[in-house]
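> coords below, sequence missing:
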C-alpha cells in the first residue's frame, strides 16, 4: 500500500497573509479619506448679506393634514415690486448674480393676525437659509422677503434655488429660480 501524503500549505506559503493585510490597510485608508472629505465639504457661507441661521428650522411638514391652511395663494420671485400694492412687477425665475435685489412675493388670502409665514431656501438641494414674519392684519394681501446685495462687489451665489413656504409651520407652496 502506497501512501501519498500531501502537505497542506500554510498562509505564509500561499501569500494570503500579505493580501489580507493589504486589503485591511486599503479599507482603513478609504474610510479615513471619506471621513476627511465629510469634514471639509461643509457648505460655504454665502457671499451676500442675508443672515443665516445656524440650524435648520423645525417645521411641521411631516404632520398628516388633509388640507393645507390655504393662506398662501401664490409664490413668485421678481426683481422689483410695486411699493403701493406689494405685487410683483414682471415676475421671473431667472436672475443674474449681480442683480441688486431678489424679491420673494408670497400672496396671501385672509390671514388671521399673528399668522406666521416662513420660507426655507435651498441652493443646489442644500439648506441655505430661512426667515419668517408674522401677519399683523387680516387684510394683508402679500408678504415680501428680499435678498439684497449691500456691499460693493457682492454677488448672489450662482445655482439653482428652491424655496418652500410654510404657514404656521405647515407646508403650503414651493417654487424654483436660478441665478447665473
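Sure, I can see it. Treat the numbers as computed from the prediction; the structure is a model and nothing was measured.
> these two touch, right, residue 118 and residue 135?
No: using CB atoms under 8 Å, residue 118 makes no contact with residue 135, being 11.7 Å away. To be clear about C-beta, it is placed using only N, CA and C from the backbone, and glycine gets the same treatment.
> what's around residue 115, how many residues?
20 (other CB atoms under 10 Å).
> which non-adjacent residue is nearest it?
Nearest residue to residue 115, sequence neighbours excluded (CB to CB, 6 or more residues apart in numbering): residue 135, at 4.5 Å.
> repeat for residue 108
Looking at residue 108 with CB to CB, 6+ apart, the closest residue is residue 71, at 5.2 Å.
> wait, the one you found sits on residue 111?
Yes: using CB under 8 Å, residue 71 is in contact with residue 111, at 5.0 Å.
> joint contacts of the two?
Between them, residue 71 and residue 111 have 117, 167 as joint contacts when contacts are counted by CB atoms under 8 Å, 6 or more residues apart in numbering.
> okay, now the unreliable bits of this structure?
For the chain, applying pLDDT under 70 flags the ranges 1-68.
> 50 instead?
For the chain, the stretches with pLDDT under 50 are 1-11, 42-55, 61-62, 64, 66.
> show me where it has helices.
11-14, 16-40 (DSSP state H).
> show me the domain layout of this structure.
Listed by automatic domain parsing, the domain ranges of the chain are 11-40, 72-179.
> most packed of these?
Ranked by average neighbour count under the criterion mean count of other CB atoms under 10 Å, those are headed by domain 72-179 at a mean of 16.
> distance across it, terminal residue to terminal residue?
Distance between the boundary residues of domain 72-179 (CA to CA, to the nearest Å) amounts to 24 Å.
> quick one: residue 130 and residue 169, what's the gap?
Distance check for residue 130 against residue 169: by CB to CB, to the nearest Å, it reads 12 Å.
> perfect, that will be all.
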